[in-house]
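Novice: Have a look at this prediction, sequence included:
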Amino acid sequence: MRIEKITMFHVQLPMKFNFKTAKGSLNLRDTIIIKVESPNGLSGFGEVVAFTTPFYTSETFADSWKILEETYLPEILQKDFSHPFEIHEFFRNPLPMALAGLENALLDLYFKEKNENLIAGLFQEKLADKIPRGAVLGQMSDAQTIKEIDQLINSGVKRIKLKISPQIGTDLIKNLVKSYPQITFALDANRSFQLTDWPVIKELDQLGLACIEEPFDIKDLSELKLLTELSVNFSTPICFDESVQDLESLKILTELPFQTMLNVKIGRLGGLYQTQKAIEFCRQHQIGFWIGSMVESGISKILHVQLAALSGNAMAGDLSDSKHYFDIDLIQPEIAFPNGWMTVPTGAGIGLSVNEVALDRYTVNKLSLTSLK
Ligand SMILES: O=C(O)CCC(=O)C1=CC=C[C@@H](O)[C@@H]1C(=O)O
């Protein structure tokens with residue numbers, strides 16, 4: 001493979017509402033889109049999903065832009081390689097989200113050249129024809145939460161994840177679980193509880209939740225090995241997201257004294273090379289895996305839609321319509337779950353076209369590099 005030109009776009013997508021979690025809130029999505037072009041006229045797209053502040057993981061938009069501009073992009077233009085996964089050998093100690101965006105763009109191009117779908121080709125698996133929508137509700141007033149749940153039920157959603165924090169308390173959650181028996185609820189605390197708060201987590205175990213995601217504010221997953229209180233008659237899986245950024249930490253999940261799950265996000269794991277290995281590990285070790293999302297554009301989200309169509313997903317992913325967060329998405333057709341289900345696109349590469357008019361419209365800065373070869 002040889003790349004002739006790479007362009008990096010700083011895109012600002014205005015959001016329809018303020019998405020609030022225990023650790024931060026978002027009402028404008030700054031994101032980086034990478035376009036790679038080959039000498040034969042084909043192009044591939046990827047997205048770098050880092051946020052402008054380090055509220056989720058330590059990698060920020062500015063960190064990603066810098067390493068792409070100074071290292072990854074100029075160097076990749078110099079290389080000849082046979083598979084995009086070779087970039088994981090070229091760049092050691094990478095910034096996971098920056099590298100994932102570049103890797104995804106190269107994979108899109110690679111699979112377009114082969115005229116094969118990226119995710120189906122990579123996993124050598126037939127994807128499910130349709131996937132269900134799982135919804136995420138940010139923190140908002142109790143009345144607004146109830147209104148949103150009613151709307152989600154009307155639109156066919158059966159699994160809802162609520163963003164929680166210690167300040168929210170357990171009463172609302174208990175009431176919601178009781179009032180909506182037809183809904184499978186999951187909770188996500190974004191690491192806002194202290195380890196000493198485990199009795200609250202234990203209290204939530206009575207509710208039959210699909211999982212409790214990232215409850216504890218910890219530096220190292222190994223700290224959880226001591227939480228043996230949670231192993232006694234505790235049945236709700238504890239799900240990990242931002243605590244697992246590599247395969248080494250994923251291995252620790254098998255040593256924890258309670259049932260675990262993994263929220264899979266390509267950017268956080270450093271690309272599809274690690275994502276594929278993480279999914280294989282989960283399958284081998286009976287760790288329930290399911291697919292998350294990053295309030296990202298459709299360029300990244302469509303890959304997550306396809307991952308959610310792999311066999312063995314433990315529950316519906318955090319995957320919503322393009323129109324949920326944005327007026328216009330960067331892909332055509334946009335992501336949509338009519339009646340709660342989406343038909344999974346299986347075209348070549350990422351499976352959909354990039355809306356280059358929208359990309360141009362929301363670009364506030366861009367940088368192009370051309371090969372001198
Ligand atoms: O994109 C979506 O629909 C959900 C995104 C989402 O829940 C998150 C995105 C980014 C940071 C996090 O606070 C949060 C998560 O923890 O999964």
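Specialist: That came through fine.
Novice: Name all residues that make contact with Ala358.
Specialist: Going by C-beta atoms under 8 Å, 6 or more residues apart in numbering, Ala358 touches Ile328, Asp329, Leu330. Heads up, the C-betas are built off the backbone N, CA and C, glycines and all.
Novice: Identify, from those residues, the entry nearest to the ligand.
Specialist: For those, the residue nearest the ligand by C-beta to the nearest ligand atom is Asp329; the value is 12.3 Å.
Novice: which SS class is the closest one?
Specialist: Secondary structure state of Asp329, per DSSP: H, G, I helix; E, B strand; the rest coil, is coil.
Novice: show me what contacts it?
Specialist: Ser297, Gly298, Ser322, Lys323, Ile335, Asn355, Ala358.
Novice: Who wins on neighbours among these?
Specialist: In terms of neighbours by other C-beta atoms under 10 Å, the contacts of Asp329 top out with Ser297 at 29 neighbours.
Novice: Tell me who's in contact with that one.
Specialist: Ser297 touches Val11, Leu13, Arg29, Thr31, Ile33, Glu47, Phe326, Asp329, Leu330, Ile331, counting by C-beta under 8 Å, 6+ apart.
Novice: For this structure, what lies in contact range of the ligand?
Specialist: Neighbours of the ligand within the chain, by C-beta under 6 Å from any ligand atom: Thr21, Tyr56, Val136, Asp188, Asn190, Asp241, Gly292, Ser293, Met294, Val295, Asp318, Ser320.
Novice: Tell me the bridge partners for the third one.
Specialist: The reference is to Val136. Taking DSSP bridges as the rule, Val136 bridges to Lys161.
Novice: can you map out the strands along the stretch 1-150 of the chain?
Specialist: 5-20, 25-37, 43-48, 130-132, 134-137 (DSSP state E, counting those that start in this stretch).
Novice: Can you add mean neighbour count, distance to Phe91 and mean pLDDT and give the ones you listed back as CSV?
Specialist: CSV is the format used below for the strands of the stretch 1-150 of the chain (neighbours: other C-beta atoms under 10 Å; distance: least, C-beta to C-beta, whole Å; pLDDT from 0 to 100):
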stretch, mean neighbour count, distance to Phe91, mean pLDDT
strand 5-20, 17, 14, 96
strand 25-37, 20, 14, 96
strand 43-48, 27, 14, 98
strand 130-132, 19, 32, 98
strand 134-137, 23, 31, 96
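Novice: Could you dump these into TSV and include distance to Arg159?
Specialist: What follows is the strands of the stretch 1-150 of the chain, written out as TSV (distance: least, C-beta to C-beta, whole Å):
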stretch	distance to Arg159
strand 5-20	18
strand 25-37	22
strand 43-48	25
strand 130-132	7
strand 134-137	4
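Novice: in the stretch 51-200 of the chain, which spans are helices?
Specialist: Ranges of helices within the stretch 51-200 of the chain are 61-67, 73-78, 87-90, 96-113, 118-123, 142-154, 171-179, 198-204, based on DSSP state H, counting those that start in this stretch.
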